[in-house]
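1. Any chance you could fold what I've pasted below:
(2 chains)
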Amino acid sequence: MAAPLRFRLALVFSVFALLSLLARSSSQDLQIANAERRIDLTSHIIKVFLTLKVENTGASPASEILLAFPPTQVDHLAVVKAAATVGKRKKKTYQPLDVNPSEQPDSPNGTKYFSVSLLKPLGKGESVTLEVFYILTHSLEPFPVEISQSESQLVYYRDSAIILSPYAIKQQTTYIKTPGTKVESYTRVDPTIHAGKELKYGPYDEQPPYSYSPIVIHFENNNPFAVVEELVREVEISHWGSIQITEHYKLVHAGARHKGIFSRVEYQSRPSISGVSSFKHILARLPPRVHSVYYRDEIGNISSSHLRTDSRKSELEIEPRYPLFGGWKATFVIGYGVPLEDFLFESSDGRRYLNFTFGCPLVETVVDKLTVKVVLPEGSKEPSAVVPFPVDQHLETSYSYLDVVGRTVVVLEKKNVVPEHSIPFQVYYNFNPIFMLAEPFMLASVFFFFFMACVAYLHIDLSIRK
Amino acid sequence: MTMIAITTHFVPRGQQGSRYPIRSCQSLTRPSMAASEDSNQSKIRTVFGSVLSFFILILIGVLAFSIRLFSVIKYESVIHEFDPYFNYRVTQFLTKNGIYDFWNWFDDRTWYPLGRVIGGTVYPGLTLTAGSIWWLLNSLNIPLSVETVCVFTAPIFSANAAWATYLLTKEVKGTGAGLTAAALLAMVPSYISRSVAGSYDNEAVAIFALIFTFYLYIKTLNTGSLFYATLNAITYFYMVCSWGGYTFIINLIPMHVLLCIVTGRYSSRLYIAYAPLVVLGTLLAALVPVVGFNAVMTSEHFASFLVSSVGTMILPSNFVVNFSLQVFIIIHVVALVYYIKGILSPKMFKVAVTLVVSVGLVVCCAVVAVLIALVASSPTKGWSGRSLSLLDPTYASKYIPIIASVSEHQPPTWPSYFMDINVLAFLVPAGIVACFLPLSDASSFVVLYIVTSVYFSGVMVRLMLVLAPAACILSGIALSEAFDVLTRSIKFQLPGLPENSQIDVSLILFMLLTIKAGDTTSSSVVTQNDAAKTNKNEDTLKERPSRKNRKKEKEHVEKTSIKSQIKKRLLVLPLEASVAAIFLLVLLGAFYVVHCVWAAAEAYSAPSIVLTSHSHDGLHVFDDFREAYAWLRHNTEVDDKVSFLHVYLSVVCLIFLNLFLHGIMVWNCSCILIVFTLLEL
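-> The predicted model follows:
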């Protein structure tokens, strides 16, 4: 397995080297003076921090800077953020910049680009320092693919020792942080240093554009690979004073598949060496002042959960019915209520808006497909959602207790969601408070007519014979 | 004058008054009013009494519902062990796919190599009931899950059963007895054991259907109304849909009819109560796939030795004729005899009788001989094993060990009687005695019901469930009669006191014994029945006369009741004894309540799928079953096969729907062997 892999990588490398000679970048006049990359491999969510010092050596000012990603990484890219550093050391501040996917006409080998829009164009001879942060999911490949209960989990991470960029990079260094000291093997691209939990690639000088040097790191990672394949969050607003949230999870352990039998005795008696890559419990961060929390599945309550609340946050520690080993799945539902006044506000133009957190409340979890359904109260009109990142939106109608016309549901869908997506979004709508009284009035009138019918029946003699 | 004042005060105002015996305080304080105001007063009293008993009934319903919620409060809202899970699964299928798919459902996921035809082999009553409740709620946009509806079906129907008990007992012995019996049934442990929230099983709705069918039968018997007879057939149909126990009904009612005929109580009301039930009921029962032609062909009864001559002549003798059909024929013969008797002169009638009897006897002997030969030639004598074990308790253990091995089919022990019906066991004999004072058609039915159900419960512990309603009805009658006698004794023994204070005493008693205090009337219903019997032929057919007619009747009966009241005055007990007896009865009732609540909370509420234990550091939950089931559900492939012992099968097939299952079948011994070998048991 290892030999063909190396051969393939070498092939890729040579292809990229060839490309780098042929490539004619459109923005040849930009170059990167210094680049530093820090890759954090401690969990299954890979965080990469990139510091780029970009110089404009050309004549015309440049307002956009391109970031390049190999096609294999783009599919797993959950978040890309960029910020410009302003000021010197102590007064250093970060100005967030817009990052958008962009198409380039002559991208070699399917390279995908994101363009960072600078606040003010970079003039001739000027330089700017960019901080880029991106997250990769599903990028650790378990090897061996199947492990037994007593083994620990080893994974591959593939990347390039040299940063892929459409610009020439004068000097660059890459630091890779592994969860433990145990690294089975790694590709050497001298100078490469392995010390403790850190691998250092570089510094490399004077790399032409589109340089690529594939590396593979094979290391131990026993962090829980908790992946929610599908999460549906229903946020139901009641103007009577409560917001009810119901979350349907399909959880899976995405690490190396479990092989052989599962021994509960061994699992419980020797937790340090048995089932180290499995996980028993997950922490969910819920909003403060949460009430009526439940945790159940199709066959009833799951009794193993703990709720800790204080004034600033609530933490719900949940345990699935069984410890999750690689490849095992579990589905469950978490539901809770929060007070209305914490999340529903009235904007200056008289519209109401819900301000709620978008992402998944489970910590350190990737959600493959997230659907947020905001169920507005019956009678609300003109809903519109404001989400700080692109999502698919559409409207539905649902019927709940004693509804007549149905409730408008704003459905937001997003793929590949990571904890960084847990930021507030807003749903604006118009609502007339008189609709709150519709259902009580309906009930009251039903009872009224029922009693009237009873009275009428008792006062009418229906018998034919006198 | 005082005498009359007192009697008018305590004596019911005829039929209407007797139904709602509990007086208003207003009328108590003014006992000696002029006669013109008196009728007005009695109207208020009637209205007040009916409202009060209405609220008592509502409270009884709430009690019946809430005492069964211990399982939800102590554990959680889940379906309980085994069979309920199967029913739940069927209900899920019904709500998802509709009624027609349900009838045609062949389930290839269970009983792996063979599968099971669900639509044709289940009693659909429970499933259809819960399915309709769910459908109704959802069409009103009340989005309850199927599971929630299933969990609470049993408590809802327990409340219904309590109300049905009230109606039945009211027909037998009046309102007071009805309310007492309903309150007793609402919390009888035997019934609780099968109907706690989550125990989603056939019995939960079947007991209601059973009692309600009996009520409608008695109602028809008392009124002779064809309307109630039709309703009775429909309720019987519902019972057939719900539970195999319908055979109990279709044997008990013919037995009662036969009893009435033999004791010379034949009347046109009896005919109307019975004939439509058999005709319509049998036709309707044959519509249920699981029953089908069993409704007429097989016979779980006492057929062979009760066969009537006429019956065997008309019907082909290659199958044993259903008992109810034989009685059906008998009642027609009797009806014919009565009719001819009415037409012919006495002399001619005697001649006719001798002619028919002599011919009939000859034919009868011949047919009986043939029949005995036929019956003797078949090995099980045409009866199913389970029924045979009812008649001969040792039958199952000798011949069909698989039936005998089920714990529900064992004979009960004495402690289980005490556990399941508690103090009712002591009150039942008193109730039987009360039913004989005097004996009416209705009370003879109740006596027959208790006698047969005691026998059946003695054979099979499972049939304790059938005994429970009968025990409650008779205990209700007993308690009601006892309170009746005792409170009357106390009231008559306070002559020296001024009237006001006497009323205070009765008021206090009324408060103490909410259900019973005012009920001096239930016995007079019976006297009234007797009095009315003479001219019953005229007014039996109008069950619900217009309100004006009722008033007339009321006044008519009043006179007779006053006479009986004077008679009763001679039967009073000593004051101290009465007070002590009332105190003891209340104590007995309190003990019953405590026992029932304990049984509901501790003995019968565990869902079996989850276990708890108390230890010094709090509550421990053992959820291993569901842990395993959940794992199977989420982590197995579609075509995986899982082998399970029978009782677990139904739970498992619900919990992971997409699996083929290999269960063992109770009727297939080789299959059991395979699974036991697999499990290395």
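
2. those strands in the stretch 151-300 of chain A, which residues are they?
-> Taking DSSP state E, counting those that start in this stretch as the criterion, the stretch 151-300 of chain A contains strands spanning A:154-160, A:168-177, A:183-186, A:192-195, A:198-207, A:214-220, A:226-238, A:242-253, A:257-258, A:282-286, A:291-297, A:300-301.

3. same thing with the stretch 1-150 of chain B?
-> Under the criterion DSSP E, counting those that start in this stretch, the stretch 1-150 of chain B contains strands at B:106-107, B:116-117.

4. The first one pairs with which strands?
-> Read that as strand B:106-107. Looking at strand B:106-107 with DSSP bridges, its partner strands are strand B:116-117 (antiparallel).

5. and for the strand it pairs with, what are the contacting residues?
-> Strand B:116-117 is contacted by residues B:105-107, B:110 when judged by CB atoms under 8 Å, 6 or more residues apart in numbering or on different chains. Heads up, the C-betas are built off the backbone N, CA and C, glycines and all.

6. Equivalent analysis for stretch B:596-614, please.
-> A:299-300, A:303, B:67-68, B:70-71, B:74-76, B:78-82, B:187-189, B:192-193, B:196, B:198, B:419, B:422, B:619-623, B:625-626, B:651.

7. Would you show me how to pick out the buried ones of these in PyMOL?
-> Selection of buried members from the contacts of stretch B:596-614 for PyMOL, criterion 16 or more other CB atoms under 10 Å in any protein chain shown:
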select buried, (chain A and resi 299+300+303) or (chain B and resi 67+68+70+71+75+76+78+79+80+81+82+187+188+189+192+193+196+198+419+422+623+625+626+651)
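
8. coming back round to it: are any of the contacts of strand B:116-117 buried, and which?
-> For the contacts of strand B:116-117, a burial check counting by 16+ other CB under 10 Å picks out B:105, B:107, B:110.

9. If we only consider the residues you listed, which is nearest to chain A?
-> Using CB to the nearest CB, B:Thr110 is the member of the buried ones among the contacts of strand B:116-117 that lies nearest chain A, at 17.2 Å.

10. I'd like to know which residues of chain A are adjacent to chain B.
-> Contacts of chain A with chain B, taken as CB under 8 Å from any CB of the partner chain, map to A:297-304, A:321-322, A:327-331, A:399-404, A:461, A:463, A:465-466.

11. Of the residues you listed, grab the buried ones for PyMOL.
-> A single PyMOL command selects the buried members of the residues of chain A next to chain B (16+ other CB under 10 Å):
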select buried, chain A and resi 297+298+299+300+301+302+303+304+321+322+327+328+329+330+331+399+400+403
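
12. Among the residues of chain A next to chain B, which lie within strands?
-> Among the residues of chain A next to chain B, the subset assigned to strands under DSSP state E consists of A:297, A:300-301, A:329-331.

13. Roughly how far does A:Pro361 sit from chain B?
-> Per CB to the nearest CB, to the nearest Å, A:Pro361 is found 21 Å from chain B.

14. number of nearby residues for that residue?
-> By other CB atoms under 10 Å in any protein chain shown, the residues close to A:Pro361 number 23.

15. following the helix or strand bottoming out on mean pLDDT in chain B, which helix or strand shows up next?
-> Sorting the helices and strands of chain B by mean pLDDT, DSSP states H and E puts helix B:309-314 at the bottom, at a mean of 32. With elements assigned by DSSP states H and E, the helix or strand that comes after helix B:309-314 is helix B:323-343.

16. Mind exporting the C-alpha coordinates of that next one to CSV?
-> Extracted C-alpha coordinates of helix B:323-343, given in CSV (Å, rounded to 0.1, in the frame of the first residue of the first chain):
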residue,chain,number,x,y,z
PHE,B,323,-74.3,-23.0,22.0
SER,B,324,-75.7,-19.6,21.4
LEU,B,325,-77.5,-20.8,18.3
GLN,B,326,-79.0,-23.7,20.2
VAL,B,327,-80.4,-21.3,22.8
PHE,B,328,-81.5,-19.2,19.9
ILE,B,329,-83.6,-22.1,18.7
ILE,B,330,-84.9,-22.9,22.2
ILE,B,331,-86.1,-19.3,22.7
HIS,B,332,-88.0,-19.5,19.5
VAL,B,333,-89.6,-22.7,20.5
VAL,B,334,-90.5,-21.2,23.9
ALA,B,335,-91.8,-18.1,22.1
LEU,B,336,-93.9,-20.2,19.9
VAL,B,337,-95.3,-22.1,22.8
TYR,B,338,-96.2,-18.9,24.6
TYR,B,339,-97.9,-17.7,21.4
ILE,B,340,-99.9,-20.8,20.9
LYS,B,341,-100.8,-20.8,24.5
GLY,B,342,-102.2,-17.4,24.0
ILE,B,343,-104.3,-18.5,21.0
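
17. Check which helices and strands that helix sits against.
-> In terms of contacts (3 or more CB pairs under 8 Å, 6 or more residues apart in numbering or on different chains; DSSP states H and E), helix B:323-343 is packed against helix B:246-262, helix B:268-285, helix B:303-306, helix B:309-314, helix B:346-377.

18. for it, which positions count as buried?
-> Buried residues in helix B:323-343, defined by neighbour count with 16+ other CB under 10 Å: B:323-331, B:333-335.

19. before we move on, what about stretch B:220-233?
-> For stretch B:220-233, using 16+ other CB under 10 Å, the buried residues are B:220-225, B:228-229, B:231-233.

20. Give me the phi and psi angles of the one residue sitting closest to the centre of chain A.
-> Centre of chain A computed as the mean C-alpha position; nearest residue by CA atoms, centre = their mean is A:Val418, 1.4 Å away. The phi/psi pair for A:Val418 (degrees, to the nearest 10) reads phi -120, psi 170.

21. Please apply the same query to A:Val48.
-> For A:Val48, the backbone dihedrals (degrees, to the nearest 10) come out as phi -120, psi 130.

22. correct me, but it touches A:Ala35?
-> No: applying CB atoms under 8 Å as the test, A:Val48 and A:Ala35 come out as separate, 12.0 Å apart.

23. Neighbour count: those two, which is higher?
-> When neighbours are counted by other CB under 10 Å, A:Val48 and A:Ala35 differ, and A:Ala35 comes out ahead with 26 against 21.

24. Send over whichever strand or helix holds the more buried one as PDB, restricted to the C-alpha atoms.
-> Element membership of A:Ala35 [criterion: DSSP H and E] is strand A:30-40. Extracted C-alpha coordinates of strand A:30-40, given in PDB (Å, rounded to 0.1, in the frame of the first residue of the first chain):
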ATOM      1  CA  LEU A  30       2.000  40.200  -6.700                       C
ATOM      2  CA  GLN A  31       4.300  38.100  -4.600                       C
ATOM      3  CA  ILE A  32       4.300  36.800  -1.100                       C
ATOM      4  CA  ALA A  33       7.300  37.900   0.900                       C
ATOM      5  CA  ASN A  34       6.700  35.700   3.900                       C
ATOM      6  CA  ALA A  35       4.200  32.900   4.600                       C
ATOM      7  CA  GLU A  36       3.700  30.900   7.700                       C
ATOM      8  CA  ARG A  37       1.200  28.100   8.000                       C
ATOM      9  CA  ARG A  38       0.100  26.300  11.200                       C
ATOM     10  CA  ILE A  39      -2.000  23.200  10.800                       C
ATOM     11  CA  ASP A  40      -3.800  21.900  13.800                       C
END
